[in-house]
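Participant: Sequence below, structure please.
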Amino acid sequence: MPIFAAESPGNPLSPQKALATFQLDPGLKIECIASEPTVVSPVAMDWDESGRMYVVEDRGYPLGPAPGEKPQGQIILLESTHHDGHYDKRTVFADGLTFPNGVLCWRGGIFVTCAPYLYYFKDTDGDGVADLKQIIFQGFGDQSTTQQRVSHPLLNIDGWIYLTSGFTSANLTLPLHPNRPPVVCDLTDFRFQPGTGEIEAAAGIAQFGQTFDNFGRKFICSNRNHNQIVMIQLQYANRNPDLTLNRLVEDTPDHGAAARVFPLSANITTVPAEAGHFTSACGILYYRGSALPADYRDNSFTCEPAGNLIHRDLIRPTNSTFVASRASVNREFLASTDNWFRPVNLACGPDGALYVCDMYRGAIEHPNFLTNEKRAATDFNAGKDKGRIYRITGKDFTNFSQADLSHASTVDLCELLNHPNAWQRTTAQRLLLERNDVASFSPLASLCKNAPDPETRVLALRILDNLDNLRDAQIEFALADKNPGVRENALQLAEPRLKNSPRLSAAILVLANDPDPRVRFQCALTLGELDNSRALTALAQIAARDSTDHWTRAAILSSVRNHAADLLEILLNTQPLSTPGASALITELTRMSAMHLTPAALTSLLEQLLAPDTQADALWQKPALAAFAQGLATRPSPHIETLDLLTNHSPITTLTRDRFNFLTNASAPSSN
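Facilitator: Okay, the predicted model is just below:
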């Protein structure tokens, strides 16, 4: 959640007057489709298969209940009785919650994040009120402020539900499975399988916001970083014990972290010097809807409630990662002169529109972040009886319909995977996973091969995998797909099958020379699951082309495991070594090799490292020698010193000793 303060925000406006304060991109329109008293303090939303909207109301923010009082947080069920897109019927689905902040529909009920718990609520008797209330997980961190807690349950294309950490750690137990051991997640995000309750740490440390693109790539945000992409998953980061990656996410904006924003309001912040920059980035959304004009698809949107605005970025690939660029110069996608406009979360709805949760508060801040003077001057209750939900579409968009997929056949759901709006596709995916109907296998197999849109082909592959009906031949076909996103996913799907499938192993080796750098990056990661000499040759091919890319180097180093010396030998014998990227790769492989090689093999490695004798070679040889010494220092005792290997009693050549002396400006080792 955001971190900012308000000193004197002025007076609140009615929903009608608030609309007049908005500056929105030309060609778009914004409507208030729910407001107080129908909705109060909304922070998250989701729609079920009948098109009903579940809204999380964090009414108790930021202080919570006084001693002896009932927690105020609620989950409400909103319905549009006139089917016009305006929600006029309110039912309290669940209440008595302390700081609820996320919701996701599943099997006729909802998951709700409310630290220290992940709840599951369901209405089993049809009255619109949850009578089934279960704790699925407990042990999420809840000792920090309300801004820093588990949130944002989202179903990704891989069939896992992902949760953000809110900068907290967790020691998770499952009350429904008391015999399972606790799962400890130390300052990481989380993901779980809704069918089995399996939960594990996931890469990224998101605060209040995560989103996925059409190919399952995860984008996150924190207060000062409004757009980041998770580049390397934990299973890759942790498999090579000799490698420590200092980061797993990339800041994507070309306009920087804590980037400049362009508010129309007073933009009152906790630290006045930070006004006009991101200080409360939250609710990031990768837009995959169909109600905005086509050039808004695959754009990223991030809320900035301190500035009373929503920021828009254009996303484009660059090497193995992505870059986010401002969509507009010196203005924002949506901004308001109203200091009370507090957009905190975004969603793409059944109609393909962009929906905005506006808490509409005079101040949204935890007292812990304020000085005593500002704390005393801040009215934390201002606006606690208010809240709005907005819908943004193209100016001419009129095709609102309250979607009802609850009676759709399995074949119809498979067909919906072709829908241009991601809500329709994701809801169809969810229902197909819930039903686990064999009638889906044939149409899904056809979509894998014949669907016109690559996101549909990927989703069909992933659903078949989740339903244990994906065949090696389908993965092999996808590895040759014309779309790089499909090939990237096919590489991931192939990984657990490589040991038993020579055909898939051969097929992934081909992708070491793929024309797309993101596919080569994923291929480098996937090759770590293939333990043979051909994998090393393929890694060397990728290194020759992509060693300048930081993330591809990290992928290669993750995949070598205990074969660092073997890959190093290939590179020393076959690759140009003087580029900065190649030097960085050689240096790290040298450190890993020196940690484990026998003395004889270390001697041989030194000979190889020091054989080139040009001035250009010295640029990579010096850091490689330092890494060699560093690797030796981490070996179990007795330690081997670099100079021990260079004495006249060792089989090192005179040329090697001379080169060492030249590089280190050292005197020749004594022969005594």
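Participant: Provide the secondary structure category for Leu118.
Facilitator: strand (DSSP: H, G, I helix; E, B strand; the rest coil).
Participant: close enough to count as contact, it and Gln134?
Facilitator: No - Leu118 is beyond contact range of Gln134, at 9.6 Å (criterion: C-beta atoms under 8 Å). All C-beta spots, glycine's among them, are computed from the backbone N, C-alpha and C.
Participant: Which one of the two is surrounded by more residues?
Facilitator: Taking neighbours as other C-beta atoms under 10 Å, Leu118 and Gln134 compare with Leu118 leading, 27 against 15.
Participant: From Val40, how far out is that one?
Facilitator: Separation of Leu118 from Val40 (C-beta to C-beta, to the nearest Å): 23 Å.
Participant: And Ala618, by the same measure?
Facilitator: On the measure of C-beta to C-beta, Ala618 and Val40 end up 68 Å apart.
Participant: do the same with Ala273
Facilitator: From Ala273 across to Val40, the span is 33 Å (C-beta to C-beta).
Participant: Between these two, which has more neighbouring residues?
Facilitator: The neighbour comparison of Ala273 against Val40 (other C-beta under 10 Å) goes to Val40, with 23 against 7.
Participant: Check what pLDDT the residue nearest to that one when sequence neighbours are not counted gets.
Facilitator: Once flanking residues are discounted, Val40 sits nearest to Gly387: 4.5 Å by C-beta to C-beta, 6 or more residues apart in numbering. pLDDT recorded at Gly387 is 98.
Participant: Gly387 contacts Val356, doesn't it?
Facilitator: No - taking contacts as C-beta under 8 Å, Gly387 lies outside contact range of Val356: 11.2 Å.
Participant: Can you show me the CA trace of stretch 307-319 as CSV?
Facilitator: C-alpha atoms of stretch 307-319 as CSV (Å, rounded to 0.1, in the frame of the first residue of the first chain):
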residue,chain,number,x,y,z
GLY,A,307,0.0,12.3,-6.8
ASN,A,308,-3.7,11.5,-7.4
LEU,A,309,-2.9,9.9,-10.7
ILE,A,310,-2.4,6.8,-12.8
HIS,A,311,0.8,6.4,-14.8
ARG,A,312,1.0,4.6,-18.2
ASP,A,313,4.0,3.0,-19.8
LEU,A,314,4.7,1.4,-23.1
ILE,A,315,6.4,-2.0,-22.8
ARG,A,316,8.8,-3.3,-25.4
PRO,A,317,11.4,-6.1,-25.4
THR,A,318,15.1,-5.4,-25.3
ASN,A,319,17.6,-8.2,-25.2
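Participant: List the contacts of Glu415.
Facilitator: Pro443 (C-beta atoms under 8 Å, 6 or more residues apart in numbering).
Participant: which SS class is it?
Facilitator: On the three-state scheme (three-state DSSP), Glu415 is labelled helix.
Participant: any idea how far it is from Ser409?
Facilitator: Distance of Glu415 to Ser409, given as C-beta to C-beta: 9 Å.
Participant: Low-confidence bits of this protein, can you list those?
Facilitator: For the chain, residues meeting the criterion pLDDT under 70 lie at 1-8, 270, 366-378, 402, 578, 638, 648-649, 666-672.
Participant: in the chain, which residue is closest to the centre?
Facilitator: Centroid check for the chain by C-alpha atoms, centre = their mean gives Lys218 as the closest residue, at 2.8 Å.
Participant: Leaving out sequence neighbours, find the closest residue to that one.
Facilitator: Going by C-beta to C-beta, 6+ apart, Lys218 has Val230 as its nearest residue, at 4.3 Å.
Participant: Ramachandran angles for that neighbour?
Facilitator: With angles defined as degrees, to the nearest 10, Val230 sits at phi -80, psi 120.
Participant: Test my guess that it contacts Asp213.
Facilitator: No - counting by C-beta under 8 Å, Val230 sits too far from Asp213 to count as a contact (11.4 Å).
Participant: joint contacts of the two?
Facilitator: Joint contacts of Val230 and Asp213 (C-beta under 8 Å, 6+ apart) are Phe219.
Participant: So what's the gap between stretch 125-137 and the chain middle?
Facilitator: 29 Å (C-alpha atoms, centre = their mean, to the nearest Å).
Participant: So for it, what gets flagged as buried?
Facilitator: Ala130, Ile136, Phe137 (16 or more other C-beta atoms under 10 Å).
Participant: Export only the CA atoms of it, formatted as CSV.
Facilitator: The C-alpha coordinates for stretch 125-137 follow below in CSV (Å, rounded to 0.1, in the frame of the first residue of the first chain):
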residue,chain,number,x,y,z
ASP,A,125,-26.9,-21.7,0.4
GLY,A,126,-27.4,-19.0,-2.2
ASP,A,127,-28.1,-16.0,0.0
GLY,A,128,-25.1,-14.0,-1.1
VAL,A,129,-23.4,-14.3,2.3
ALA,A,130,-20.4,-16.6,3.0
ASP,A,131,-21.3,-19.4,5.4
LEU,A,132,-18.2,-21.5,4.6
LYS,A,133,-15.1,-19.8,6.2
GLN,A,134,-11.8,-21.6,6.1
ILE,A,135,-8.2,-20.6,6.9
ILE,A,136,-6.1,-22.0,4.1
PHE,A,137,-2.7,-20.7,5.2
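Participant: which other residues reach that stretch?
Facilitator: 75, 77, 91-94, 109, 111, 117-124, 172-176, 192, 197, 199.
Participant: Name the nearest residue to Cys32, sequence neighbours excluded.
Facilitator: Pro15 (4.6 Å).
Participant: how many neighbours does that neighbour have?
Facilitator: Count around Pro15 with other C-beta under 10 Å applied: 16.
Participant: I'd assumed Ile33 was in contact with it.
Facilitator: No - Pro15 is not in contact with Ile33 according to C-beta under 8 Å; the separation is 10.0 Å.
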